[in-house]
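My questions concern the predicted model and sequence given below.
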Amino acid sequence: MLNIALPKGRLGDKVYKLLMALGYPCRELEDEGCRKLIFENEESGVRYFLVKPSDVAIYVEKGAADIGVVGKDILLESEAQVYELLDLGFGRCRMAVAAKKDFRDDTDRPLRVATKFPHIARTYYDGLGRETEMIKLYGSIELAPLVGMADVIVDIVETGTTLRENGLEVVSEIVPISARLIANPAAYVFKGEEIRRICDELKKEISK
Amino acid sequence: MTPIYFENEDVITQRLKALYEGAGYAAYKIRKFEEYALYLDNRSFLSDEHIITFTDQNGRLLALKPDVTLSIVKNRRATQGHSEKLYYRETVYRYDKHAGQYREINQMGLELLGDVTVTEELEILELALTSLSALSANYRLTLSHMGLVNGILTGLGLSPSQKEEAIGAIGSKNVDGLSAILARAGASEEVQRAFSRMLTVPADTCRYAAALASTREASHAFEELFSLKEMLDALGYGDKVQIDLSVTQGTEYYNGLVFRGYAEGLSAPVLSGGRYDRLAQKFSPDTRAIGFAVYLGELLYHRAPTEYDTDVLLLQGEDTDPVTLLTRARELREEGQRVRVERRIPDGIRYRTLIKL
């Protein structure tokens, strides 16, 4: 039995469709009204867990799921001890620093950084040798510089529309982000053949 | 879901102890704390920089030990010709960044300091394999060699910082990330593809490793690694041992063979070890070293649930004297039963038999 952690939402739906085509269907999962959290298809030997996107990496690291699909942002932030087997190429966006259009960095004091990703932000600014004061937020990050609470934000930027509408712009890019197929290292030892097959098939599928 | 259960940690510890003593390794006990400077000087040997520190009465900064190997190499002066074979069972204190708290981890392990040749490496690998079999019938040992990985990367002309980045990608089997790093260093697409296959297709590992191992360091390491695999096959461990070049350790201290052990049902490697001459030589120049640790902590969460708290609940009647009661308890225990003596039935207790005297 292969345990797969899927992120709830569009990314999870997309990955499920690919996995279904590879021989891992699960009818229950297609029923949108269903409120279950575990979906099993004994016949095809698969069990899906639907979890919050930011929790996928931890389910895989702790071995509750053998493989999973997660954004690179979550992997970088959590530093989960997992194998990162494949860049699925979708869900593309970038982790970037953004600030108000008239922003000038005052190097005379620590930079106030508002973010959902303090680890990524700290690693980035440590690399630049810039002292920072982190402000961890859980949503609407763009508000922080507008109300003067932070100088810059570190966040995911897809199209940049939210930034523009709030008078913010990208100052610098930190790293490109996309969805990754991850695996638990112990599962890779005992179920390696099946995991490698899925990885190879997914690779073929996305390069079509 | 069908859970996989392991035996009690104490039973496994006793079994490992017998195994190590049977192989001539002496028990070695160290104190719970060390001078903090030891960890500060060898920071990159540790997986994490969080250490619990405190000051003694003379103002010296001490630390609860996050690692055992450092204490052993610091305190023993083994040299070639004067080898030491030691095993330990210790508690280490490490920070769990997900949980944001320190954990106490029970660890057993062994270290061989002094002379290390292929013979000693093979002995250590066999002890690692028998340690794993003491835990579970379904286990695997994965092997790599830091000289092979490092030598290949040197041959491809990677700078030290690119190498570090590449070893990170290799360790997480991130072949897309690795290809990007190799491309930046000017490696051809063919080399990138060979590297990917070497890491992800077990059947191709040997072929591509041989093709990529162009430097002396790499080809020497290749010979050593694959001949050890052959010797393990000859010892009967063929299906339990896999070469997996994504097993990595920091090259600052680990210069040779590295390995990890897995038991089915546990989410993380239960055994980890390798050849760490560079660390040992910081303390004693003319020495070699190899060892491994077995992490017993996760076993706590994989114990079979007990059906009963006690086999017999022995209740004291109003007229029963304590001597009669405890004599009966002793008799029952001698028959191999767990006996709990009470004057009334405790709330929530699960017992197989109730005897009222």
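Nice, thanks for sending it over.

Grab the nearest non-local neighbour of the residue of the stretch 151-300 of chain B found nearest chain A.
The nearest approach of the stretch 151-300 of chain B to chain A comes at B:S267, 2.4 Å away (Cβ to the nearest Cβ). No exception for glycine: its C-beta is placed from N, CA and C like everyone else's. Nearest in space to B:S267, with sequence neighbours left out and distances taken as Cβ to Cβ, 6 or more residues apart in numbering or on different chains, is A:G63 at 2.4 Å.

Could you count how many residues lie near the one you found?
17 (other Cβ atoms under 10 Å in any protein chain shown).

helix, strand or coil for it?
coil (DSSP: H, G, I helix; E, B strand; the rest coil).

ok, now which ones touch it?
Listed by Cβ atoms under 8 Å, 6 or more residues apart in numbering or on different chains, the contact set of A:G63 reads A:N184, A:A186, A:A187, B:L266, B:S267, B:A268.

Roughly how far does it sit from A:A186?
6 Å (Cβ to Cβ, to the nearest Å).

Which neighbours do those two have in common?
B:L266, B:S267, B:A268.

With neighbour count added, can I get those in JSON lines?
As requested, the shared contacts of A:G63 and A:A186 are arranged in JSON lines below (neighbours: other Cβ atoms under 10 Å in any protein chain shown):
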{"residue": "B:L266", "neighbour count": "21"}
{"residue": "B:S267", "neighbour count": "21"}
{"residue": "B:A268", "neighbour count": "17"}
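
Those residues in helices, which ones?
Within these, no residue falls in helices by DSSP state H.

Over to B:L315: give its phi and psi.
phi -100, psi 140 (degrees, to the nearest 10).

Please tell me how far it sits from chain A.
43 Å (Cβ to the nearest Cβ, to the nearest Å).

Mind listing the residues bridging to that residue?
Counting by DSSP bridges, B:L315 is bridged to B:E342, B:K356.

sec struct for A:N3, please.
strand.

Write down the beta-bridge partners of it, one by one.
A:R47.

if I pick it, what's in contact with it?
A:R47, A:F49, A:A64, A:A65, A:D66, A:I67.

So, low pLDDT: which residues of chain A?
By pLDDT under 70, chain A contains no weakly predicted segment.

how about the residues of it near chain B?
Within reach of chain B by Cβ under 8 Å from any Cβ of the partner chain, chain A has these residues: A:1, A:47, A:58, A:61-64, A:78-79, A:81-87, A:183-186, A:188-190, A:192, A:196, A:199.

can you tell me which of those residues are in helices?
Reading helices off the residues of chain A next to chain B with DSSP H, I get A:I58, A:E61, A:S78, A:P185, A:A186, A:Y188, A:V189, A:F190, A:G192, A:R196, A:C199.

Using TSV, lay out the residues you listed together with neighbour count.
Listed next are these as TSV, based on neighbours: other Cβ under 10 Å:
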residue	neighbour count
A:I58	20
A:E61	21
A:S78	20
A:P185	24
A:A186	21
A:Y188	24
A:V189	21
A:F190	18
A:G192	16
A:R196	16
A:C199	19
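
is it true that the residue of the stretch 151-300 of chain B closest to chain A touches A:V60?
No. With contacts counted by Cβ atoms under 8 Å, B:S267 stays clear of A:V60, the gap being 9.0 Å.

Now the common contact residues for these two.
By Cβ under 8 Å, 6+ apart, the residues touching both B:S267 and A:V60 are A:N184.

name the helices or strands packed onto the longest strand seen in chain A?
Using DSSP state E, we find that the single longest strand of chain A is strand A:168-177. Packing partners of strand A:168-177 (3 or more Cβ pairs under 8 Å, 6 or more residues apart in numbering or on different chains; DSSP states H and E): helix A:72-78, strand A:93-100, helix A:118-128, strand A:152-157.

and with 10 Å instead?
Under the contact criterion of 3 or more Cβ pairs under 10 Å, 6 or more residues apart in numbering or on different chains; DSSP states H and E, strand A:168-177 touches helix A:72-78, strand A:93-100, helix A:118-128, strand A:152-157, helix A:161-165.

What are the buried residues along the third one?
By 16 or more other Cβ atoms under 10 Å in any protein chain shown, the buried positions in helix A:118-128 come out as A:P118, A:I120, A:A121, A:Y124, A:Y125.

what residues does it touch?
A:73, A:76-79, A:95, A:97, A:110-111, A:113-115, A:117, A:130-132, A:134-137, A:152-155, A:172, A:174-175, B:97 (Cβ atoms under 10 Å, 6 or more residues apart in numbering or on different chains).

how about the residues of chain B that lie near chain A?
B:1-2, B:97-98, B:138-142, B:169, B:171-177, B:179-180, B:199-202, B:242, B:244, B:246-247, B:260-270, B:298 (Cβ under 10 Å from any Cβ of the partner chain).

Kindly state the pLDDT recorded for B:K97?
B:K97 carries a pLDDT score of 78 in this model.

That one contacts A:E77, correct?
No. B:K97 is not in contact with A:E77 according to Cβ atoms under 10 Å; the separation is 11.1 Å.

quick check, B:Y262 in a strand?
Yes. Counting by three-state DSSP, one finds B:Y262 located in a strand.

Point to the residue nearest the middle of the chain.
If you meant another chain, say so; for now it's chain A. In chain A, the C-alpha nearest the mean C-alpha coordinate belongs to A:G71, at 2.1 Å (Cα atoms, centre = their mean).

Sorry, I should have been clearer: chain B.
B:L271 (2.8 Å).

who touches A:F190 in this structure?
Here A:F190 is in contact with A:D66, A:N184, B:N138, B:Y139, B:R140, B:Y262, B:A263, B:E264, B:G265 (criterion: Cβ under 10 Å, 6+ apart).

for B:S172, same thing?
The contact partners of B:S172, by Cβ under 10 Å, 6+ apart, come to A:75, A:80-85, A:180, A:182-183, A:185, B:178, B:246, B:248.

leaving aside the residues next to it on the chain, what's closest to residue 88?
Looking at chain A here, since you left the chain open. Closest to A:L88 by Cβ to Cβ, 6+ apart is A:A179, at 4.3 Å.

my question was about chain B
B:Y28 (4.9 Å).

Surely the one you found is in contact with B:N75?
Yes. Contact criterion Cβ under 10 Å: B:Y28 and B:N75 qualify, at 8.8 Å.

Compute the number of surrounding residues for residue 161.
Going with chain A. A:T161, neighbours per other Cβ under 10 Å, totals 9.

meant chain B, my bad for not saying
What B:S161 shows, counting by other Cβ under 10 Å, is a neighbour count of 8.

list the buried ones in the helix or strand that contains it?
Using DSSP states H and E, B:S161 sits within helix B:160-171. For helix B:160-171, the buried set under the neighbour-count rule, 16+ other Cβ under 10 Å, comprises B:Q162, B:K163, B:E165, B:A166, B:I167, B:A169, B:I170, B:G171.
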